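Colleague: Here is a sequence with its predicted model. Questions after.
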Amino acid sequence: MESNGALWTLMEQPEGTDMTSNEGSFGLFTEEAAPLDVQACDRCELSGQRTRVIWGEGNSNARLVMILDNPGAREDRLGNPFLCSTRETLQRGMREAGLDRNLVYVTFLLKCRPIRAYNKPAAREACLPHLQAQLLEKRPLVLFGFGNVVAEALFPWKENASVKELRRDWHEWQGIPVGLTYHPLAVKRRPNLMNIFVEDLVSLNNKFAACLSRQSNNQ
Ligand code: SF4
């Protein structure tokens, strides 16, 4: 499997944060700038809360695209790069699963980070076209979503769509295979979920390898 090189960047630990569990080996993925027309998007009320539109991060050419609900903090209050718990736990799980983070692109249902209450259904509906356009451009071989919010957004026609119901199986979204697992923050809060989380990421790793192999056999 071809690696796309070290596109992530190790960042310094901001003062006053507990990064002892990082073991010094995790870091922020490189952020991909949003298209110019999206940078000024005001389709929903989050345009009044954000500091900027976060389009995605990681290897922008990756054929494996992960979907989180919304961007977490990337900088602390002083503007220093900051590794949030979501990213730290995600990277921990990926490392345990042997999933090369250089082969992954991470994006979000909502491209703006909420900082206070907002109309969630309206924001999700408003932002979905951005995700659809992004995936048309990225042409992922495999999608992987985290948490019930993503499960509900991708499968609104499934009653009570939840990770618990949908994980383990592969589904399809807009013609692309998609798997699901728990949100990294849920895993952080309930460490007993880590084994399941890693198991799902191993399944993802295998699925992606199979898709890559099929693609190269078809060329
Ligand atoms: S969350 Fe999405 S739809 Fe709402 S302002 Fe941000 S980019 Fe636009």
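Modeller: Sure thing, it's come through. Numbering: from 1, shown residues only.

Colleague: and the longest helix along the chain, average pLDDT?
Modeller: Ranked by residue count and defined by DSSP state H, the top helix of the chain is helix 194-218. The average pLDDT within helix 194-218 is 94.

Colleague: Pull out the buried residues from that helix.
Modeller: Neighbour-count burial for helix 194-218 flags 194, 196-201, 203-205, 207-208, 211-212 (criterion: 16 or more other C-beta atoms under 10 Å). In this view, the C-beta of every residue, glycine as well, is placed from N, C-alpha and C.

Colleague: Any figure for the gap between the nearest residue to residue 98 once chain neighbours are set aside and the ligand?
Modeller: Distances taken as C-beta to C-beta, 6 or more residues apart in numbering place residue 205 nearest to residue 98, at 6.1 Å, with adjacent residues excluded. For residue 205, the distance to the ligand (C-beta to the nearest ligand atom, to the nearest Å) stands at 30 Å.

Colleague: likewise residue 197?
Modeller: From residue 197 to the ligand the distance is 26 Å (C-beta to the nearest ligand atom).

Colleague: before we move on, back to that, contact partners of the longest helix of the chain?
Modeller: For helix 194-218, contacts defined as C-beta atoms under 8 Å, 6 or more residues apart in numbering pick out 1, 63-64, 89, 92-94, 96-99, 103, 141-142, 144, 167-168, 170, 177, 179-182, 184, 187.

Colleague: Check stretch 181-193 too.
Modeller: For stretch 181-193, contacts defined as C-beta under 8 Å, 6+ apart pick out 68-69, 85-90, 93, 144-150, 163, 167, 194, 196-197, 200-201, 204.

Colleague: Show me which positions of it end up buried.
Modeller: 181-188, 193.

Colleague: Now render those as TSV, adding secondary structure.
Modeller: Putting the buried residues of stretch 181-193 into TSV (DSSP: H, G, I helix; E, B strand; the rest coil) gives the following:
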residue	secondary structure
181	strand
182	coil
183	coil
184	helix
185	helix
186	helix
187	helix
188	helix
193	helix
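
Colleague: so where's the chain uncertain?
Modeller: 1-25, 76 (pLDDT under 70).

Colleague: can you list the residues of it near the ligand?
Modeller: With the criterion set to C-beta under 6 Å from any ligand atom, the chain comes near the ligand through 38, 41-44, 46-47, 53, 110-112, 123, 126-127, 130.

Colleague: 8 Å instead?
Modeller: Within the chain, the positions lying close to the ligand (C-beta under 8 Å from any ligand atom) are 34, 38, 41-47, 50, 53, 70, 110-112, 123, 126-127, 130.

Colleague: For PyMOL, write a command that selects the buried ones of these.
Modeller: Selection of the buried residues among those in PyMOL, burial being defined by 16+ other C-beta under 10 Å:
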select buried, resi 34+38+41+43+44+45+46+50+53+70+110+111+112+123+126+127+130
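
Colleague: hey, where'd the helices end up in this structure?
Modeller: 36-39, 85-97, 120-138, 148-154, 163-166, 184-189, 194-218.

Colleague: I'd like to know which of those lies nearest to residue 26.
Modeller: In terms of C-beta to C-beta, the element of the helices of the chain nearest to residue 26 is helix 85-97, at 4.4 Å.

Colleague: In the closest one, which residues are buried?
Modeller: Residues of helix 85-97 classed as buried by neighbour count (16+ other C-beta under 10 Å): 86-95, 97.
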